[in-house]
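K.L.:
What follows is a predicted protein model with its sequence.
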There are 2 protein chains.
Amino acid sequence: MTLAEENYLKAIYHLEQQFKKGVSTNALAEEMKTKASSATDMIKKLAEKNMLTHIPYQGATLSDAGRDYAVKVIRRHRLWEVFLVEKLNFSWDEVHEVAEHLEHINSDKLVNELDAFLGFPTYDPHGDPIPDKEGNFTYIEKIVLAKAEVGITYKCIGVDDTSSKFLKYLDSNNIGLGTIIKILYKEPFDNSIKLGLGKVEIVVSQSVAKNLYLKKV
Amino acid sequence: MTLAEENYLKAIYHLEQQFKKGVSTNALAEEMKTKASSATDMIKKLAEKNMLTHIPYQGATLSDAGRDYAVKVIRRHRLWEVFLVEKLNFSWDEVHEVAEHLEHINSDKLVNELDAFLGFPTYDPHGDPIPDKEGNFTYIEKIVLAKAEVGITYKCIGVDDTSSKFLKYLDSNNIGLGTIIKILYKEPFDNSIKLGLGKVEIVVSQSVAKNLYLKKV
DNA sequence: ATTATAATTTAGGCAAATCTAAAAATATGT
DNA sequence: ACATATTTTTAGATTTGCCTAAATTATAAT
Ligand SMILES: [Mn+2]
Ligand SMILES: [Mn+2]
Ligand SMILES: [Mn+2]
Ligand SMILES: [Mn+2]
């Protein structure tokens, strides 16, 4: 598997999870920030390698082998992210880019020893679960802030958008994994939400609310 | 700089050091396990990028920029090797291949934080010096076993060949960095050498003797 | 000083991954 | 149902890094 193939597999996996159906050429091209024709080429190549099935003009669906491979790459990515934050003083908004490269280094010993060295972490710095050696996730129920209920107190357990911009915004408002958040008010006009963070009250926009995951506490 | 360019730069650097003169196309091709025509192509490309100067039919010589870049890649390679041995339980014969990939991840923060995390090591698991942030090596005088004197006691401080085969051979004879070695006898017939390792005496061939570095103790 | 040998470069091609532009298939609106 | 819009695929180029085979230049031997 080449670097490009691995990145495509990961993208297809994420889109499949997100939309629970076959992945369209356009969606894949957009995710990969490339052109539809390139996505078509790669879909053909991955189909050839039995990593997915593809019906022309329909969409692509990962095979078991393809899904396993994607999960393997995701495991590497997230373990490296933990390493960067825990051991090398990276902040959660700096890790993604570097992990995007580290994830392609293909050595089982490397990954499994890294896992052990980090104490077998189950979540990455963005709250995403880390698959174990066998590819099993520890799934946790998460509620998106946009759908949280007024009056209830939650804990922040993850983010959807892992862009540096968004994560720095959260930092500047003292929101991170583990932060306790009480829903004070939902503004029907623009779907903004007033939150209580300890003694501080802040209002966040809908685009923030759609990218923050919580669980009841 | 692409992955291929980085590997070529490193190879040219090593050959320049070794032979103290311009690097020939054939030597480079051999080092890179590729064909002379490919070496020519890459030499042109690197000359175009001002990483080296090249006179056709003569040889290639790194520019300052080229040498700096090569040293940077070597720094990354050796730091990762230390990481793998010190933190991830790799043995010295397992690190080279993985470091060959890790060395291409280009993030100053990553490398410098890794350096700090490892406690600013000055030598890698094979006894090779690790350049610092500014590219300065701490050079140490080393004597190749083949030229060591009978009756003198030395300490093993490095290896030339870092292949798994050779390193495993050394392991099986309890020779590693720091091992104290006394030269007992040099056989003129085949240039083999009898060594004293503590109470044990072993005979090593010339090809071993040319790949082991010592210093007087 | 030729001739033979070795080293180096050029010419031409191939595979991977990308692109633009055009064609084909599918979906949508009235 | 039929025209229009959207999505997807194909066709043809491009770049990078590599290859083989042939031509060129340099070196060594007689
Ligand atoms: Mn990646
Ligand atoms: Mn993450
Ligand atoms: Mn390398
Ligand atoms: Mn080394």
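P.N.:
Cool, the structure landed. Numbers count the residues shown, from 1 in each chain, chains lettered A, B, ... in the order given. Ligands and ions are numbered 1, 2, ... in the order given.

K.L.:
Domain ranges for chain A, per the record?
P.N.:
As assigned by automatic domain parsing, chain A contains the domains A:3-62, A:75-139, A:143-216.

K.L.:
any residue of the longest one up close to chain B?
P.N.:
Pointing back at domain A:143-216 there. No. Judged by C-beta under 8 Å from any C-beta of the partner chain, domain A:143-216 makes no contact with chain B; its nearest approach is 13.1 Å. Glycine gets a C-beta too; all of them are placed from N, C-alpha and C.

K.L.:
sorry, back to before: same list, the domains of chain A, but as TSV with mean neighbour count and distance to B:Leu184 please.
P.N.:
Converted to TSV, the domains of chain A look like this (neighbours: other C-beta atoms under 10 Å in any protein chain shown; distance: least, C-beta to C-beta, whole Å):
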stretch	mean neighbour count	distance to B:Leu184
domain A:3-62	17	52
domain A:75-139	18	38
domain A:143-216	15	62
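
K.L.:
how about JSON lines for those domains, with distance to DNA strand C and mean pLDDT added?
P.N.:
Formatted as JSON lines, those follow (distance: least, C-beta to the nearest atom of the strand, whole Å; pLDDT from 0 to 100):
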{"stretch": "domain A:3-62", "distance to DNA strand C": "3", "mean pLDDT": "97"}
{"stretch": "domain A:75-139", "distance to DNA strand C": "11", "mean pLDDT": "97"}
{"stretch": "domain A:143-216", "distance to DNA strand C": "20", "mean pLDDT": "97"}
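
K.L.:
will you turn those into JSON lines that also has distance to ligand 2?
P.N.:
Formatted as JSON lines, the domains of chain A follow (distance: least, C-beta to the ion, whole Å):
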{"stretch": "domain A:3-62", "distance to ligand 2": "12"}
{"stretch": "domain A:75-139", "distance to ligand 2": "4"}
{"stretch": "domain A:143-216", "distance to ligand 2": "5"}
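
K.L.:
nearest to ligand 4, of those domains?
P.N.:
Minimum separation from ligand 4 across the domains of chain A (C-beta to the ion) falls at domain A:75-139, 16.1 Å.

K.L.:
on that earlier part again, could you dump the domains of chain A into JSON lines with distance to B:Glu81 added?
P.N.:
Shown next, in JSON lines, are the domains of chain A (distance: least, C-beta to C-beta, whole Å):
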{"stretch": "domain A:3-62", "distance to B:Glu81": "22"}
{"stretch": "domain A:75-139", "distance to B:Glu81": "12"}
{"stretch": "domain A:143-216", "distance to B:Glu81": "30"}
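
K.L.:
which one of those domains lies closest to B:Lys215?
P.N.:
Among the domains of chain A, the nearest to B:Lys215 by C-beta to C-beta is domain A:75-139 (32.0 Å).

K.L.:
Look at that closest one and report the distance between its end residues.
P.N.:
Domain A:75-139 has its terminal residues 14 Å apart, counting by C-alpha to C-alpha, to the nearest Å.

K.L.:
for the domains of chain A, which one sits closest to B:Ala116?
P.N.:
B:Ala116 lies closest to domain A:75-139 among these, at 8.2 Å (C-beta to C-beta).

K.L.:
Please identify which helix or strand holds A:Leu110.
P.N.:
Counting by DSSP states H and E, the element that carries A:Leu110 is helix A:108-117.

K.L.:
my bad, should have said A:Glu201
P.N.:
Using DSSP H and E, A:Glu201 falls in strand A:200-204.

K.L.:
Mind checking what helix or strand follows the helix ranked longest in chain A in sequence?
P.N.:
Longest among the helix segments of chain A by residue count, using DSSP state H, is helix A:64-87. Where DSSP H and E defines the elements, the next helix or strand beyond helix A:64-87 is helix A:95-102.

K.L.:
hey, C-alpha coordinates of that following helix in CSV?
P.N.:
Taking Å, rounded to 0.1, in the frame of the first residue of the first chain, the C-alpha atoms of helix A:95-102 are listed here in CSV:
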residue,chain,number,x,y,z
VAL,A,95,-0.3,17.1,16.2
HIS,A,96,-2.6,16.4,13.3
GLU,A,97,-0.2,17.4,10.5
VAL,A,98,2.8,15.5,11.8
ALA,A,99,0.7,12.4,12.6
GLU,A,100,-0.5,12.5,9.0
HIS,A,101,3.0,11.6,8.0
LEU,A,102,4.0,9.3,10.9
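
K.L.:
Which strands and helices lie in contact with it?
P.N.:
Contact analysis of helix A:95-102 by 3 or more C-beta pairs under 8 Å, 6 or more residues apart in numbering or on different chains; DSSP states H and E lists helix A:64-87 as its packing neighbours.

K.L.:
which strands and helices sit next to the helix it packs on?
P.N.:
Using 3+ C-beta pairs under 8 Å, 6+ apart: helix A:64-87 touches helix A:3-19, helix A:95-102, helix A:108-117.

K.L.:
hmm, 10 Å instead?
P.N.:
The elements that helix A:64-87 packs onto, with contact taken as 3 or more C-beta pairs under 10 Å, 6 or more residues apart in numbering or on different chains; DSSP states H and E, are helix A:3-19, helix A:36-48, strand A:52-54, strand A:60-62, helix A:95-102, helix A:108-117, helix B:64-88, helix B:108-117.

K.L.:
could you dump these to CSV with distance to B:Leu212?
P.N.:
CSV is the format used below for the helices and strands packed on helix A:64-87 (distance: least, C-beta to C-beta, whole Å):
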stretch, distance to B:Leu212
helix A:3-19, 37
helix A:36-48, 47
strand A:52-54, 51
strand A:60-62, 51
helix A:95-102, 34
helix A:108-117, 27
helix B:64-88, 18
helix B:108-117, 28
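
K.L.:
can you give me the offset of stretch A:36-52 from its chain's centre?
P.N.:
From the chain centre to the centre of stretch A:36-52 is a distance of 23 Å (C-alpha atoms, centre = their mean, to the nearest Å).
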